[in-house]
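*Asks:* Predicted structure and sequence below. I'll ask about it afterward.
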Amino acid sequence: MPYPVPTYKQYASNAVFAVQISLWALLFLGDAIFEALKVPKPEIVTSAQGNRMMSFMGVWLVGNMVSAQLLNTGAFEIQHGDQLVWSSLEMQRLPNMADLVQAFATTGVEFLQKTEV
């Protein structure tokens, strides 16, 4: 079953991506951009350009974490045949092993117990 992300979260994720691209442009093209605009380059841009690779990775990492969080629906479902075994949307949490064993038992699935050798 599809669980669509709300439209406002999709737009917010797209905005995060646009901010990432803008920051990368400032990082790599900042000198030319500020020179063309005839404004002084901010100190934060100069500082970020001092270590471009780390700044690039920081923007990438933080932007992707925010975007992923925005697009997360929390949908985690397990089905056995046509029968729903577990739904994190209904239970409002992820299952633990005991939850799974009990849920599968209701569908007729039994797990073997570990034996000592």
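*Replies:* Received, thanks. A quick note: this is a predicted structure, and the numbers were derived from the prediction, not measured.
*Asks:* Tell me which residues of stretch 67-77 come out buried.
*Replies:* Residues of stretch 67-77 classed as buried under the neighbour-count rule (16 or more other C-beta atoms under 10 Å) are 67, 70. Glycine gets a C-beta too; all of them are placed from N, C-alpha and C.
*Asks:* ignore the last one, stretch 47-58
*Replies:* Buried, per 16+ other C-beta under 10 Å, within stretch 47-58: 48, 55-56.
*Asks:* Let's see which of the residues you listed end up in helices.
*Replies:* Using DSSP state H, 48, 55-56 are the members of these that sit in helices.
*Asks:* And the helices in the protein?
*Replies:* 7-37, 43-50, 52-71, 88-91, 97-105.
*Asks:* want to try JSON lines for those, with mean pLDDT and distance to Q79 as columns?
*Replies:* Formatted as JSON lines, the helices of the chain follow (pLDDT from 0 to 100; distance: least, C-beta to C-beta, whole Å):
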{"stretch": "helix 7-37", "mean pLDDT": "97", "distance to Q79": "26"}
{"stretch": "helix 43-50", "mean pLDDT": "96", "distance to Q79": "48"}
{"stretch": "helix 52-71", "mean pLDDT": "97", "distance to Q79": "23"}
{"stretch": "helix 88-91", "mean pLDDT": "90", "distance to Q79": "13"}
{"stretch": "helix 97-105", "mean pLDDT": "89", "distance to Q79": "11"}
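*Asks:* Could you break the protein into its assigned domains?
*Replies:* For the chain, automatic domain parsing gives the domain ranges 7-71, 74-117.
*Asks:* centre of the chain versus the longest one, how much separation?
*Replies:* The one in question is domain 7-71. 18 Å (C-alpha atoms, centre = their mean, to the nearest Å).
*Asks:* How far does it stretch from one end to the other?
*Replies:* End-to-end distance for domain 7-71: 10 Å, by C-alpha to C-alpha, to the nearest Å.
*Asks:* any idea how far the residue nearest the centre of the chain is from A48?
*Replies:* Centroid-nearest residue in the chain, with C-alpha atoms, centre = their mean: A68, separated by 1.8 Å. Distance check for A68 against A48: by C-beta to C-beta, to the nearest Å, it reads 23 Å.
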